[in-house]
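S.K.: pasting the sequence and the predicted model now:
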Amino acid sequence: MKQRILFVCLGNICRSPAADGILRQMVERRGLTESVEVDSAGTYAGHTGELPDSRMRNAAYARGYVLTHRARQVREEDFERFDMLVAMDDSNYHNLFRLAPSPEAREKIFRMSEFFTAHADWSHVPDPYYEGHEGFELVLDMLEEGCAEILRRCVEE
């Protein structure tokens, strides 16, 4: 059965499109495109249609990821389409919980921090938008770790 994962942050221009690009590449490298589908969205619609932030694209590109996703807002049908909606922080987790159309839909919502091992002391993925280069690097480290664990769990199921 195909696993469908939606990453969610606020504007869908930094964290969630980076997670989307990272997991997408992991899936492609392992030949699992028939088994795992990946997308991302934001709880805020203000950046709809935009590419990811150029600083995130540059930092991701330096690690071999090309981020081409166009920002979009979370839609009600996402709760039906996806098996997992993975929020980058508590604010977006609670926003997703509020938007969920049913108790069953709420069961599909996770925090990215639930998939950390080395960064287990972090409860969220910090928003690098107002940070320097180091902030983007930290976020990419966290997302690589979390995405690897998500993929491991998807493959085990």
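M.R.: Noted; the coordinates are in hand. Numbering: from 1, shown residues only.
S.K.: so what's M88 up against?
M.R.: M88 makes contact with F7, V8, C9, R15, S16, A19, M112, H124, V125, D127, according to C-beta atoms under 8 Å, 6 or more residues apart in numbering. All C-beta atoms are positioned from the backbone trio N, CA, C, and that covers glycine.
S.K.: go again with 6 Å.
M.R.: Counting by C-beta atoms under 6 Å, 6 or more residues apart in numbering, M88 touches C9, R15, M112, V125.
S.K.: which one of these is nearest to D78?
M.R.: D78 lies nearest to C9 out of those, by C-beta to C-beta, at 13.9 Å.
S.K.: ok, how many other residues are close to the closest one?
M.R.: A count of nearby residues for C9, using other C-beta atoms under 10 Å, gives 29.
S.K.: only the buried residues of the helix ranked longest in the chain, if you could.
M.R.: Scanning the chain for the helix with the most residues, using DSSP state H, yields helix 133-156. Buried residues in helix 133-156, counting neighbours by 16 or more other C-beta atoms under 10 Å, are found at 135-136, 138-140, 142-147, 150-151, 154.
S.K.: contacts for it?
M.R.: Contacts of helix 133-156 (C-beta under 6 Å, 6+ apart): 3, 15, 18-19, 22-23, 26, 36, 55-56, 59, 112, 115-116, 118-119, 125, 128.
S.K.: one more pass at 8 Å, please.
M.R.: The contact list for helix 133-156 (C-beta under 8 Å, 6+ apart) reads 3, 5, 14-15, 18-19, 22-23, 26-27, 30, 32, 35-36, 55-56, 59-60, 63, 84, 86, 112-113, 115-119, 122, 125-126, 128.
S.K.: and those, which are buried?
M.R.: The buried subset of the contacts of helix 133-156 (16+ other C-beta under 10 Å) comprises 3, 5, 14-15, 18-19, 22-23, 26-27, 32, 36, 55-56, 59-60, 84, 86, 112-113, 115-116, 119, 125-126, 128.
S.K.: now, these that are in helices?
M.R.: Members of those lying in helices (criterion: DSSP H): R15, A18, A19, I22, L23, M26, V27, R55, M56, A59, A60.
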